[in-house]
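> Need a 3D model of the sequence below.
(chains A and B)
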Amino acid sequence: GIQVEQSPPDLILQEGANSTLRCNFSDSVNNLQWFHQNPWGQLINLFYIPSGTKQNGRLSATTVATERYSLLYISSSQTTDSGVYFCAVSYWDDKIIFGKGTRLHILP
Amino acid sequence: NAGVTQTPKFRVLKTGQSMTLLCAQDMNHEYMYWYRQDPGMGLRLIHYSVGEGTTAKGEVPDGYNVSRLKKQNFLLGLESAAPSQTSVYFCASTLGGGIDTQYFGPGTRLTVL
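Numbers count the residues shown, from 1 in each chain, chains lettered A, B, ... in the order given. Prediction:
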(Lines give C-alpha, C1' and ligand atoms only; values in the text may rest on other atoms or scores of the structure.)
Protein backbone atom coordinates (compact mmCIF):
# COMPACT_ATOMS: atom_id res chain seq x y z
CA GLY A 1 0.00 0.00 0.00
CA ILE A 2 0.85 3.65 0.12
CA GLN A 3 3.81 4.45 2.38
CA VAL A 4 4.52 7.87 3.87
CA GLU A 5 7.50 8.01 6.20
CA GLN A 6 8.64 10.98 8.24
CA SER A 7 11.92 11.52 10.02
CA PRO A 8 13.03 12.10 12.64
CA PRO A 9 10.12 10.98 14.85
CA ASP A 10 11.18 13.35 17.64
CA LEU A 11 13.37 16.45 17.72
CA ILE A 12 14.40 18.64 20.65
CA LEU A 13 16.07 21.97 19.92
CA GLN A 14 17.05 25.18 21.67
CA GLU A 15 15.23 28.32 20.71
CA GLY A 16 17.02 29.96 17.77
CA ALA A 17 18.23 26.70 16.19
CA ASN A 18 17.41 25.56 12.66
CA SER A 19 15.83 22.22 11.73
CA THR A 20 15.06 20.05 8.73
CA LEU A 21 12.18 17.58 8.68
CA ARG A 22 11.91 14.93 5.97
CA CYS A 23 8.99 13.15 4.30
CA ASN A 24 9.50 10.17 1.98
CA PHE A 25 6.67 8.69 -0.06
CA SER A 26 6.44 5.44 -2.00
CA ASP A 27 4.66 6.42 -5.21
CA SER A 28 4.08 9.33 -7.57
CA VAL A 29 1.80 11.90 -5.97
CA ASN A 30 -0.66 14.53 -7.15
CA ASN A 31 0.00 16.74 -4.19
CA LEU A 32 1.90 17.06 -0.94
CA GLN A 33 0.97 19.19 2.04
CA TRP A 34 2.71 20.05 5.30
CA PHE A 35 0.68 20.61 8.47
CA HIS A 36 1.44 21.80 11.97
CA GLN A 37 -0.56 20.42 14.88
CA ASN A 38 -0.27 22.77 17.85
CA PRO A 39 -0.30 21.60 21.49
CA TRP A 40 -4.07 22.17 21.58
CA GLY A 41 -4.62 19.72 18.74
CA GLN A 42 -5.50 22.13 15.94
CA LEU A 43 -4.17 21.20 12.49
CA ILE A 44 -3.00 24.11 10.35
CA ASN A 45 -1.96 23.83 6.73
CA LEU A 46 1.55 25.22 6.20
CA PHE A 47 2.29 24.44 2.57
CA TYR A 48 0.65 23.00 -0.50
CA ILE A 49 3.71 21.85 -2.45
CA PRO A 50 3.51 19.06 -5.07
CA SER A 51 6.91 20.15 -6.42
CA GLY A 52 9.45 22.94 -6.17
CA THR A 53 10.20 25.28 -3.28
CA LYS A 54 8.03 27.65 -1.27
CA GLN A 55 8.80 29.99 1.59
CA ASN A 56 6.62 31.60 4.24
CA GLY A 57 8.56 33.64 6.76
CA ARG A 58 10.89 31.38 8.75
CA LEU A 59 9.46 28.25 7.15
CA SER A 60 10.24 26.87 3.75
CA ALA A 61 9.55 23.60 1.98
CA THR A 62 11.00 21.75 -0.97
CA THR A 63 9.49 18.78 -2.78
CA VAL A 64 11.48 16.70 -5.27
CA ALA A 65 8.70 14.64 -6.80
CA THR A 66 10.97 12.59 -9.07
CA GLU A 67 12.93 11.39 -6.03
CA ARG A 68 9.80 11.06 -3.84
CA TYR A 69 10.71 13.23 -0.89
CA SER A 70 9.92 16.58 0.65
CA LEU A 71 11.78 18.68 3.22
CA LEU A 72 10.43 21.24 5.66
CA TYR A 73 12.93 23.80 6.96
CA ILE A 74 12.37 25.82 10.12
CA SER A 75 14.87 28.60 10.78
CA SER A 76 15.45 30.51 14.02
CA SER A 77 13.06 28.27 15.95
CA GLN A 78 10.66 29.79 18.48
CA THR A 79 8.83 28.04 21.31
CA THR A 80 5.58 28.56 19.39
CA ASP A 81 6.95 26.23 16.69
CA SER A 82 6.56 23.30 19.08
CA GLY A 83 4.06 20.63 18.15
CA VAL A 84 3.77 17.86 15.59
CA TYR A 85 4.52 18.33 11.91
CA PHE A 86 2.77 16.10 9.40
CA CYS A 87 3.19 15.61 5.72
CA ALA A 88 0.23 14.33 3.71
CA VAL A 89 0.20 13.05 0.15
CA SER A 90 -2.62 12.55 -2.30
CA TYR A 91 -2.98 10.25 -5.28
CA TRP A 92 -5.19 9.84 -8.33
CA ASP A 93 -8.13 8.59 -6.23
CA ASP A 94 -8.22 11.74 -4.02
CA LYS A 95 -7.26 9.85 -0.87
CA ILE A 96 -5.06 12.04 1.33
CA ILE A 97 -2.69 9.92 3.41
CA PHE A 98 -0.67 11.19 6.36
CA GLY A 99 2.70 10.22 7.76
CA LYS A 100 3.13 9.55 11.48
CA GLY A 101 4.61 12.98 12.08
CA THR A 102 7.67 14.58 13.64
CA ARG A 103 7.22 15.84 17.22
CA LEU A 104 9.23 19.04 17.71
CA HIS A 105 10.09 20.49 21.11
CA ILE A 106 11.64 23.96 21.20
CA LEU A 107 13.24 24.76 24.54
CA PRO A 108 13.42 28.38 25.76
CA ASN B 1 -17.50 31.94 8.02
CA ALA B 2 -17.03 29.09 10.52
CA GLY B 3 -14.94 26.83 8.25
CA VAL B 4 -15.13 23.19 9.38
CA THR B 5 -17.03 22.41 12.58
CA GLN B 6 -17.47 19.14 14.45
CA THR B 7 -20.15 18.03 16.89
CA PRO B 8 -19.75 16.94 19.67
CA LYS B 9 -16.33 17.95 21.01
CA PHE B 10 -16.20 15.17 23.61
CA ARG B 11 -18.15 11.96 24.12
CA VAL B 12 -17.94 8.91 26.38
CA LEU B 13 -19.66 5.71 25.26
CA LYS B 14 -20.06 2.25 26.71
CA THR B 15 -19.08 -0.76 24.64
CA GLY B 16 -21.86 -1.67 22.23
CA GLN B 17 -23.49 1.76 22.15
CA SER B 18 -23.94 3.66 18.92
CA MET B 19 -23.36 7.27 18.02
CA THR B 20 -22.99 9.68 15.12
CA LEU B 21 -20.38 12.39 14.71
CA LEU B 22 -21.36 15.38 12.60
CA CYS B 23 -19.00 17.39 10.41
CA ALA B 24 -20.20 20.57 8.74
CA GLN B 25 -18.41 22.95 6.38
CA ASP B 26 -19.57 26.28 4.98
CA MET B 27 -16.92 26.69 2.26
CA ASN B 28 -18.90 24.90 -0.47
CA HIS B 29 -16.21 22.21 -0.64
CA GLU B 30 -16.86 19.10 -2.70
CA TYR B 31 -14.57 16.70 -0.84
CA MET B 32 -14.79 15.69 2.82
CA TYR B 33 -12.70 13.31 4.93
CA TRP B 34 -12.83 11.54 8.30
CA TYR B 35 -9.60 10.62 10.12
CA ARG B 36 -8.76 9.14 13.46
CA GLN B 37 -5.64 10.06 15.42
CA ASP B 38 -4.04 7.72 17.90
CA PRO B 39 -0.76 8.25 19.79
CA GLY B 40 2.24 7.50 17.57
CA MET B 41 0.05 6.62 14.57
CA GLY B 42 -0.47 9.97 12.88
CA LEU B 43 -3.82 10.51 11.18
CA ARG B 44 -5.41 7.52 9.48
CA LEU B 45 -8.10 7.94 6.84
CA ILE B 46 -11.39 6.21 7.72
CA HIS B 47 -13.76 7.22 4.89
CA TYR B 48 -14.01 10.08 2.46
CA SER B 49 -16.49 11.60 0.02
CA VAL B 50 -15.88 13.15 -3.39
CA GLY B 51 -19.27 14.85 -3.52
CA GLU B 52 -22.85 14.86 -2.26
CA GLY B 53 -24.28 11.34 -2.19
CA THR B 54 -20.88 9.59 -2.51
CA THR B 55 -18.65 7.79 -0.02
CA ALA B 56 -15.45 5.75 -0.31
CA LYS B 57 -13.30 3.67 2.02
CA GLY B 58 -10.02 4.87 3.40
CA GLU B 59 -7.23 3.03 5.24
CA VAL B 60 -9.21 1.91 8.33
CA PRO B 61 -12.94 1.74 7.44
CA ASP B 62 -14.01 -1.29 9.50
CA GLY B 63 -16.51 -0.57 12.26
CA TYR B 64 -17.56 2.79 10.79
CA ASN B 65 -20.22 3.96 8.38
CA VAL B 66 -20.62 7.35 6.73
CA SER B 67 -23.22 9.34 4.84
CA ARG B 68 -23.13 12.52 2.74
CA LEU B 69 -26.77 13.40 2.13
CA LYS B 70 -26.05 17.13 1.94
CA LYS B 71 -22.96 18.73 0.42
CA GLN B 72 -22.13 20.63 3.58
CA ASN B 73 -22.43 17.68 6.00
CA PHE B 74 -20.49 14.44 6.43
CA LEU B 75 -21.64 12.04 9.14
CA LEU B 76 -19.53 9.32 10.77
CA GLY B 77 -21.40 6.54 12.54
CA LEU B 78 -20.33 3.87 15.00
CA GLU B 79 -23.01 1.17 15.15
CA SER B 80 -21.54 -0.84 18.04
CA ALA B 81 -18.67 1.00 19.72
CA ALA B 82 -15.58 -0.91 20.86
CA PRO B 83 -12.73 0.23 23.16
CA SER B 84 -10.40 0.09 20.11
CA GLN B 85 -12.37 3.02 18.69
CA THR B 86 -11.24 5.30 21.51
CA SER B 87 -9.50 8.06 19.60
CA VAL B 88 -9.58 11.67 18.46
CA TYR B 89 -11.60 12.04 15.28
CA PHE B 90 -10.88 14.81 12.78
CA CYS B 91 -12.94 15.92 9.83
CA ALA B 92 -11.46 17.81 6.89
CA SER B 93 -12.59 19.25 3.57
CA THR B 94 -11.09 20.44 0.30
CA LEU B 95 -12.53 22.20 -2.72
CA GLY B 96 -10.94 20.04 -5.40
CA GLY B 97 -9.93 16.84 -3.65
CA GLY B 98 -6.31 15.77 -3.39
CA ILE B 99 -4.98 18.67 -5.43
CA ASP B 100 -6.25 21.34 -3.05
CA THR B 101 -5.45 22.61 0.43
CA GLN B 102 -7.12 20.61 3.19
CA TYR B 103 -8.93 22.37 6.06
CA PHE B 104 -9.52 20.63 9.38
CA GLY B 105 -12.13 20.81 12.10
CA PRO B 106 -11.16 21.02 15.81
CA GLY B 107 -11.61 17.31 16.49
CA THR B 108 -13.88 15.09 18.62
CA ARG B 109 -12.40 13.16 21.53
CA LEU B 110 -14.23 9.84 21.90
CA THR B 111 -13.72 7.41 24.77
CA VAL B 112 -15.28 3.95 24.69
CA LEU B 113 -15.38 2.18 28.05
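> The residue nearest to the spatial centre of chain B sits in which helix or strand?
Closest residue to the average C-alpha location of chain B: B:Trp34 at 3.0 Å, with CA atoms, centre = their mean. B:Trp34 belongs to strand B:31-38 when assigned by DSSP states H and E.
> Please determine whether that strand lies in contact with chain A.
Yes - applying CB under 8 Å from any CB of the partner chain, one finds strand B:31-38 touching chain A at B:Tyr31, B:Tyr33, B:Tyr35. Just so you know, the C-beta spots here come from the backbone N, C-alpha and C atoms, and that holds for glycine as well.
> Could you tell me the per-residue confidence at the second one?
pLDDT, B:Tyr33: 97.
> and it, what does it touch?
Contacts of B:Tyr33 were listed using CB atoms under 8 Å, 6 or more residues apart in numbering or on different chains, and they are A:Ile96, B:Leu45, B:His47, B:Tyr48, B:Ser49, B:Gly58, B:Phe74, B:Cys91, B:Ala92, B:Ser93, B:Thr94, B:Gln102.
> Does the residue in chain B that chain A sits nearest to belong to a helix, a strand or coil?
Residue of chain B nearest chain A, by CB to the nearest CB: B:Gly98 (2.7 Å). Of the three states, B:Gly98 takes helix according to DSSP: H, G, I helix; E, B strand; the rest coil.
> so what's it closest to, chain neighbours aside?
Excluding its sequence neighbours, the residue lying closest to B:Gly98 (CB to CB, 6 or more residues apart in numbering or on different chains) is A:Ser90, at 2.7 Å.
> Could you list the residues of chain A in contact with chain B?
Proximity of chain A to chain B, by CB under 8 Å from any CB, involves residues A:1, A:30-31, A:33, A:35, A:41-45, A:48, A:50, A:86, A:88, A:90-101.
> pLDDT score for the residue of chain A found nearest chain B?
Proximity of chain A to chain B (CB to the nearest CB) peaks at A:Ser90, 2.7 Å away. The model reports A:Ser90 with a pLDDT of 90.
> Isn't it up against A:Phe98?
No - in this structure, A:Ser90 is not within contact of A:Phe98 by CB atoms under 8 Å, at 10.4 Å.
> residues in contact with the residue nearest to B:Gly98?
Listed by CB under 8 Å, 6+ apart, the contact set of A:Ser90 reads A:Val29, A:Asn30, A:Asn31, A:Leu32, A:Gln33, A:Ile96, A:Ile97, B:Gly97, B:Gly98, B:Ile99.
> Please apply the same query to A:Ile12.
Contacts for A:Ile12 (CB under 8 Å, 6+ apart) come out as A:Leu104, A:His105, A:Leu107.
> Would you state the strands of chain B in chain order?
If DSSP state E is used as the criterion, the strands of chain B fall at B:4-7, B:10-13, B:19-25, B:31-38, B:42-49, B:56-57, B:65-67, B:73-78, B:87-94, B:103-104, B:108-112.
> Serialize these to a markdown table and add fields for distance to A:Gln55.
Shown next, in a markdown table, are the strands of chain B (distance: least, CB to CB, whole Å):
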| stretch | distance to A:Gln55 |
| --- | --- |
| strand B:4-7 | 27 |
| strand B:10-13 | 38 |
| strand B:19-25 | 29 |
| strand B:31-38 | 27 |
| strand B:42-49 | 25 |
| strand B:56-57 | 35 |
| strand B:65-67 | 38 |
| strand B:73-78 | 34 |
| strand B:87-94 | 23 |
| strand B:103-104 | 22 |
| strand B:108-112 | 34 |
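> Brilliant, that's me finished.
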